[in-house]
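**Student:** Output the structure for:
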Amino acid sequence: MAKIMTLGEILVEIMATEPGQSFRAPGRLVGPFPSGAPAIFIDQVARLGQAASIISSVGDDDFGWLNIERLRQDGVDTGAVMVLKDAVTGSAFVTYNATGERHFVFNITNSASAQLSASHVSERLLKDCTHFHVMGSSLFSPGIREAIGKAVEIVKHQGGSVSFDPNIRKEILRTPEIRETLASILKHTDIFLPSGPELTLLVKSSAEQAAIEELLALGIQEIVVKRGRQGCEYYDARQRLVMPALAVDEIDPTGAGDCFDATYVTCRKRHMPVEQSLRYACASGALAVTRMGPMEGTGSFTELDALLAQCASSGEAGRA
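**Tutor:** The predicted structure follows:
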């Protein structure tokens with residue numbers, strides 16, 4: 001069985017309970033929930049019964065152990081998660097406006113995850129890894145950027161594949177070191193998983209079709225553009241496919257893209273056809289938004305099949 005691995009931040013998420021709530025005044029909160037884009041991704045991989053592991057670090061505190069216990073419970077190998085006595089686990093406090101847009105207050109740059117470095121990555125640690133996933137959100141520290149770059153090179157050298165979700169703000173690209181790291185990762189990427197405008201973020205072309213051609217020319221094998229309520233689009237050197245979204249009642253959108261990524265990658269590593277992989281990925285993203293908490297919506301193939309069957313019988317497939 002293919003072993004999928006990732007590297008990056010682990011944190012907890014604490015959310016406001018009412019739309020329009022502000023952190024400039026007291027209010028009701030819910031949480032903590034296990035979180036961090038790489039952690040959500042790898043948890044979803046494990047929920048699908050795939051061998052899964054994450055390289056990360058947490059503080060020796062309740063937030064850290066909450067994450068470790070949840071990942072282990074769902075089948076993730078946490079042997080490469082360091083528990084640091086003198087550091088604290090990262091956190092994110094989240095508010096929502098009336099339209100559902102999220103605003104975050106992060107403590108990541110000073111967290112345990114920020115202490116990850118290239119010294120924590122080795123051929124021994126990655127010897128069983130057949131696929132490595134990169135989240136752009138994890139590139140916030142020089143140490144992690146070096147660690148991810150080293151991991152990508154090791155996995156590619158031993159014949160493995162790489163997927164990449166840019167998941168990064170335009171402002172961060174102003175840092176030359178980050179742009180250089182992103183360009184390097186892109187050259188090693190087999191599966192590219194941008195969301196909407198991210199399709200043109202790392203290439204010269206501003207038009208989507210030209211950007212797709214530019215990305216494929218780099219050697220990327222598969223491009224899946226996530227478009228939220230509009231579903232997704234798939235491109236390779238031969239074809240374009242469109243997969244509609246599923247109609248569900250959205251409760252919390254956090255983690256939907258990570259679940260989508262994990263499910264698509266897992267399906268493809270199991271040699272499922274592209275169309276079937278896209279269908280499962282859309283179902284995974286849809287299931288994720290129906291639960292409060294970023295990791296609470298991860299699901300098994302059985303749960304995804306049930307959601308697909310439910311939407312098909314009610315005629316809801318293809319609606320947002």
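
**Student:** Who are the contact partners of the residue most central in space within the chain?
**Tutor:** For the chain, Asp258 is the residue whose C-alpha lies nearest the centre (Cα atoms, centre = their mean; 3.1 Å). The contact partners of Asp258, taken as Cβ atoms under 8 Å, 6 or more residues apart in numbering, are 37-38, 40-41, 44, 135, 165, 288, 294. Glycine gets a C-beta too; all of them are placed from N, C-alpha and C.

**Student:** From the residues you listed, which land in strands?
**Tutor:** Taking DSSP state E as the definition of strands, those contribute 135, 165.

**Student:** In PyMOL, select just the buried ones from the contacts of Asp258.
**Tutor:** One line in PyMOL is enough to select the buried members of the contacts of Asp258, burial here meaning 16 or more other Cβ atoms under 10 Å:
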select buried, resi 37+38+40+41+44+135+165+288+294
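
**Student:** Mind putting the contacts of Asp258 into TSV with pLDDT?
**Tutor:** Written out in TSV, the entries for the contacts of Asp258 read as follows (pLDDT from 0 to 100):
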residue	pLDDT
Ala37	95
Pro38	97
Ile40	98
Phe41	98
Gln44	98
Met135	94
Asp165	96
Ala288	96
Pro294	93
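
**Student:** Rebuild the contacts of Asp258 as a markdown table, extending it with distance to Val248.
**Tutor:** Converted to a markdown table, these look like this (distance: Cβ to Cβ, whole Å):
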| residue | distance to Val248 |
| --- | --- |
| Ala37 | 21 |
| Pro38 | 25 |
| Ile40 | 18 |
| Phe41 | 20 |
| Gln44 | 16 |
| Met135 | 24 |
| Asp165 | 21 |
| Ala288 | 9 |
| Pro294 | 16 |
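
**Student:** between the contacts of Asp258, which is nearest Leu7?
**Tutor:** Proximity of those to Leu7 was ranked by Cβ to Cβ; the top entry is Pro38 with 6.5 Å.

**Student:** Without its sequence neighbours, what residue ends up closest to that closest one?
**Tutor:** Gly8 (3.5 Å; Cβ to Cβ, 6 or more residues apart in numbering).

**Student:** Look up phi and psi at the one you found.
**Tutor:** In terms of degrees, to the nearest 10, the main-chain angles of Gly8 are phi 150, psi -160.

**Student:** That one: neighbouring residues, count only.
**Tutor:** Residues contacting Gly8 under the criterion other Cβ atoms under 10 Å number 27.

**Student:** Distance-wise, check it relative to Ala98.
**Tutor:** Going from Gly8 to Ala98 by Cβ to Cβ, to the nearest Å gives 31 Å.
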